[in-house]
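In: please find the sequence and the predicted model below.
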Amino acid sequence: MSNYLGNYSLYIALIASVYLIFKSYLDANSDNKYLDKNFILITSIQTIMIMVSFFSLVAAFVISDFSNETVFNNSHTLKPLFYKVSGTWGNHEGSLLLWLLVLSIFLFIFLLNSRSQDTKYKLLTILFQQIIITGFLVFILLTSNPFKMLYPIPSEGLGLNPILQDPALAIHPPILYLGYVGTSIIFSASLASMISGNIGDKWARHIKNWVLVSWVFLTIGILLGSIWAYYELGWGGFWFWDPVENVSLMPWFCLTALLHTVIVLQKRNSFKEWTIILSITTFSLSMSGTFLVRSGILNSIHTFANDPSRGLYILSFLFILILMSILIFFFNQNKISNTAKENFILSKETAILVNNWFMMFFLSVVLVGTIYPIFLEVLNGSKISVGPPFYHNLLIPFLIPFLIFMSFGPSLKWIKDKLKKFNYNILIIFLVSLLISYVILTKTENSFLLSIPLIVLSIYLLLVTIKDFFVSKSSISQKISHFGFSLLITSILLNGLFSNEFNSNMKVGDERIFNEKVVKLKEVSVTDVDNYKSLKASFEVTNKNSSFALYPEVRIYQQPLTITSEADIKTTLFSDNFLVFNILKDDGYYNVRYQYKPLMIWIWISTIFIGFGGLLSVIRKNEQKY
Amino acid sequence: MSKNIKFLGLLLTLIIFFIILLKGLNISKDYSNEKLKSKIDFSLNAKKLFSDEIINISDLFDKNSPSVVNIWASWCAPCREEHQFLMKLKDMNINIIGINYKDSPKNAKNFLSSLGNPYSEVITDNDGTKSIEFGAIGVPETFIISGKTNEIIKKYIGPLTSDNLIEIKNLLKKNA
């Protein structure tokens, strides 16, 4: 029943799309002053139909309706309800349906939110957004229909990958998609404004909200993915430069650049073309991310589907969209009124431009690392491996100028700033950060020359961003985000410098001494839980004057047979103690990995600061309007 | 005029990207459906991890039966995960040759002494070139290679799972 409902509502949504494409195209070429009421009506019908379709898939997962192939492949009656629901988007078909749902909801919100904008601009935005929606609808119906029926109806499903049964991962895809899909509105809107010729400060104010919203969701989505990797994969790291992680990072760099450029457009009415190029690039990168992940062209631990017909479809669709945007850009370039103003070297505009260069550099490095292996393999059949060393070697040295730049760039004035008299505050802050770095660096044996300027500068930037809270006149949201960023860099650097670990095989009763700590394995108990067998170990870590217990776990799932290690992590404000164990053979030994990771929690907290700054900006902006 | 050149340049780049990604789509398909059977160059020389002795790769392989080649590194977290399965393969008396990828010998030896050594022989690959000769794109990767024809019978990208064990056992039996 829910299969038919879900399937047919998608067809109705497709009909609505086709209608809206024609109607908006015709209306955009006429001189209508007002937006036809039908647009809001039909768009809401379409949104409701896609919602019906999505929730009938959720319902099929909840009641374990195995006549549905997607449910059969990805669910199981023994699974907890929460993971049955999140199983809806934990697979290829369901996640595309979620993409589609967010696409249509965002267009609906856009229509409600842009009453004051020019009619032609609104019509064109609807047109481009509907082209994207149609593309996804046809893709789902042709190659990845989530409502395929099975007969005879199987009595039990194949289960969800247990590694995906984690609360952070259950909400990670929806949040990330909100970010990705938000960029589609920016894309459609910037193409529309290109044709209708309304790019300027007014448009910038209007689109900035969408940029901020997408950016906040993307930031939080990446954070959740990284938290998942840290807690669930049990490798003790939070970023692995895996291609699938990279494809979420690339739109983030681009969106961060756009976020800053839009401000220039709003305040100074310049950087018009660059804003449009960044909007197009951001969305293309989000779409390429979908292509790279969903087509199976990448070989990654995360690879989900491996179906070339899907890859071919997304690839063609992606290139049609890019081609369309290039054509629109070149044929409407002359409509951009070039209010070229003189740019001075020492000004906020230049500072933002430099920020953009850095973002583009970081983006290029990640892009090359991600797709170059594919290119090389096609061109001469040779295969190369790109791992963390590539990214670290190329990115870390460039952090030095970036940090220096970020410490003064944001406080420059618009138009033209003067070289001030020598500022003693700055000198004091710099000396303090030198002192702190000296104390920190004497405590580590790891003394690469590169780590000295990095630590000094990151602490200096941190102190400067704290100082800005009291001195600078810039907006509070910017201060919070910049403070969060400097905290993030500092935490990552110190975490990398001071992390240490040991790895050993232990029996029940064994003790290991490590960095003045005693780690003891007290016992291992076996219990049966819902859908897996659990081996829980009890460890005691004794420091000089305190001790605490850690209980890592190994889970043995039956459907499908998978063994996962759940690390136990004791988190304090200063450090994480991370312990994970694995079953070896049946001779009573366990492989134990203990890691000491300082400031881990600050990596998460600082990212939340970054996102919170953006969120605050959205809220404050909306308050100003009313 | 310069606008047209920019436009054409962009268009050309786009077309090149499209063609390459399209081709890439077809290549990656080959990994999964076992059609790709390239050969390994057996004339390569390599250094052993434990004895520092330089040997010819062909000496490592049993001419009459297929061998398993596993590319690993002590810094690679998924390698740790799959290690238990390699130990199981060793218990089934399967010949596993290890290629230690971009690793320090000290760490590599520690890794094997604490987790167990599933390999009949480990060769070092300091600069990653040996692994490239095998067609690896990362660690861990596992190959099943025929000793007779030096062809790659099967390639696993990423850590082995318990399902792969049975498959490997069957493949070895079939090709023996």
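Out: Yep, it's here.
In: run a quick neighbour tally on residue A:333.
Out: Using other C-beta atoms under 10 Å in any protein chain shown, the number of residues around residue A:333 comes to 16. C-beta coordinates here come from the backbone N, C-alpha and C atoms, glycine included.
In: could you pull out the strands for the stretch 401-550 of chain A?
Out: Using DSSP state E, counting those that start in this stretch, the strands of the stretch 401-550 of chain A run over A:500-506, A:511-514, A:517-529, A:532-542, A:547-550.
In: that should have said chain B, apologies.
Out: For chain B, the strands defined by DSSP state E cover B:45-48, B:54-56, B:67-72, B:96-101, B:121-125, B:141-145, B:152-157.
In: contacts only, for the closest residue to residue B:115 other than its chain neighbours.
Out: Setting aside the residues directly before and after it, residue B:115 is nearest to residue B:83 in space (C-beta to C-beta, 6 or more residues apart in numbering or on different chains), at 5.1 Å. Residue B:83 makes contact with B:115-116, B:118, according to C-beta atoms under 8 Å, 6 or more residues apart in numbering or on different chains.
In: for chain A, state which of those residues is nearest.
Out: Using C-beta to the nearest C-beta, residue B:115 comes nearest to chain A of the contacts of residue B:83, at 5.9 Å.
In: is it true that that closest one touches residue B:79?
Out: No: using C-beta atoms under 8 Å, residue B:115 makes no contact with residue B:79, being 9.6 Å away.
In: burial of residue A:118, as a residue count?
Out: Using other C-beta under 10 Å, residue A:118 has 16 neighbouring residues.
In: got a list of what it touches?
Out: Here residue A:118 is in contact with A:196, A:198 (criterion: C-beta under 8 Å, 6+ apart).
In: buried set for the helix or strand of chain B with the lowest mean pLDDT?
Out: Every helix and strand of chain B was ranked by mean pLDDT, DSSP states H and E. The lowest is helix B:129-133, at a mean of 74. Buried residues in helix B:129-133, counted by 16 or more other C-beta atoms under 10 Å in any protein chain shown: B:130-131, B:133.
In: one more: stretch A:520-533?
Out: A:520-521, A:524, A:531-532.
In: so which of the buried residues of helix B:129-133 is the closest to residue A:106?
Out: Minimum distance to residue A:106 across the buried residues of helix B:129-133 is 44.5 Å, recorded for residue B:131 (C-beta to C-beta).
In: which segments of the chain make up each domain?
Out: You didn't say which chain, so I picked chain A. Domain assignment for chain A by automatic domain parsing gives A:1-161, A:166-419, A:500-601.
In: not quite, I wanted chain B
Out: B:1-36, B:37-175.
In: quick one: the longest one to chain centroid distance?
Out: Relative to the mean C-alpha coordinate of its chain, domain B:37-175 is positioned 7 Å out (C-alpha atoms, centre = their mean, to the nearest Å).
In: in helices only, show me the contacts of residue B:83.
Out: When the contacts of residue B:83 are checked against helices (DSSP state H), the matches are residue B:115.
In: let's have the contacts of residue B:83 in CSV, adding pLDDT and neighbour count.
Out: Output for the contacts of residue B:83, formatted as CSV (pLDDT from 0 to 100; neighbours: other C-beta atoms under 10 Å in any protein chain shown):
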residue, pLDDT, neighbour count
B:115, 83, 21
B:116, 85, 18
B:118, 90, 22
